[in-house]
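Pasting the sequence and the predicted model now:
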Amino acid sequence: MSCFNRKMVLRACGFIIFRRLVGRIPSPGNIEYLLLQTSYGEHHWTPPKGHVDPGEDDLTTALRETKEEAGLGAEHLKVIKGFVQELHYEVRGKPKEVLYWLAELKDPGTAVTLSDEHQDYRWAQLEEACTLARYKDLQDTLRAAHRHLEACQDKQ
């Protein structure tokens with residue numbers, strides 16, 4: 001892709017956020033993923049994400065957007081090493097790329113505070129999260145995150 005075309009791509013960054021439920025079924029059955037339901041368009045479900053501001057690096061964008069959209073700041077999250085997924089799709093005929101990191105909510109009881117961009121949120125186990133997500137690339141990203149967590153669990 002040429003530099004000219006690259007600038008035409010909308011770029012967004014966010015987090016696949018999960019929590020482990022204590023005292024429940026052993027991992028990975030105790031893992032739930034956070035999805036937010038948009039208050040616009042088709043009211044689709046998505047992890048927190050947003051567009052990169054000028055001069056901002058990708059991870060900073062992901063942290064800022066997660067704080068704005070879900071009320072969860074860097075102090076609430078533990079970023080999981082070795083996982084980043086890049087999605088490519090079109091929105092209204094324009095190419096878009098989204099980078100997702102994986103992060104664990106340190107305290108599973110931490111409250112989610114939605115912005116005006118979202119009308120609801122849900123913590124869901126993998127299969128329910130994939131059903132809510134609807135889009136294959138996001139479903140694949142959730143499954144990749146889950147496999148990554150299982151692999152990390154096996155190393156312990």
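Right, received. Where do you want to start?

Residues contacting stretch 104-112, please?
17-22, 34, 70-72, 76-78, 80, 121 (C-beta atoms under 8 Å, 6 or more residues apart in numbering). In this view, the C-beta of every residue, glycine as well, is placed from N, C-alpha and C.

pLDDT (mean, whole number) over stretch 116-134?
Mean per-residue pLDDT for stretch 116-134: 96.

Show me what it is in contact with.
The contact list for stretch 116-134 (C-beta under 8 Å, 6+ apart) reads 19, 28-29, 31-40, 43-46, 69-70, 112, 114, 139, 142-143, 146.

Stretch 59-71 now?
With C-beta under 8 Å, 6+ apart, stretch 59-71 has contacts from 12-15, 17, 34, 36, 48-53, 56, 72-74, 77, 79, 99-101, 103, 111-115, 117-118, 121.

Which of the helices and strands in this protein ranks last by mean pLDDT?
Within the chain, judged by mean pLDDT, DSSP states H and E, the helix or strand with the poorest mean is helix 3-8; its value is a mean of 49.

Tell me the buried residues in the helix or strand just after it?
Per DSSP states H and E, the first helix or strand lying C-terminal to helix 3-8 is strand 10-20. Residues R11, A12, C13, G14, F15, I16, I17, F18, R19 are the ones in strand 10-20 that count as buried (16 or more other C-beta atoms under 10 Å).

again with stretch 55-71
Going by 16+ other C-beta under 10 Å, stretch 55-71 has these buried residues: D58, T61, A62, L63, R64, E65, T66, K67, E69, A70.

For the third one, what is the enclosing helix or strand?
With elements taken from DSSP H and E, the one containing A62 is helix 58-70.

re earlier: which of the contacts of stretch 104-112 lies closest to C152?
I80 (7.2 Å; C-beta to C-beta).

does the closest one really touch H148, like I thought?
Yes - taking C-beta atoms under 8 Å as the definition, I80 is a contact partner of H148 at 7.1 Å.

The contacts of stretch 59-71 in helices, which ones?
Among the contacts of stretch 59-71, no member falls in helices (DSSP state H).

Would you mind pulling up the elements that the longest helix seen in the chain packs against?
Ranked by residue count and defined by DSSP H, the top helix of the chain is helix 136-155. With contacts taken as 3 or more C-beta pairs under 8 Å, 6 or more residues apart in numbering; DSSP states H and E, helix 136-155 sits against strand 10-20, strand 31-38, strand 77-91, strand 94-105, helix 126-133.
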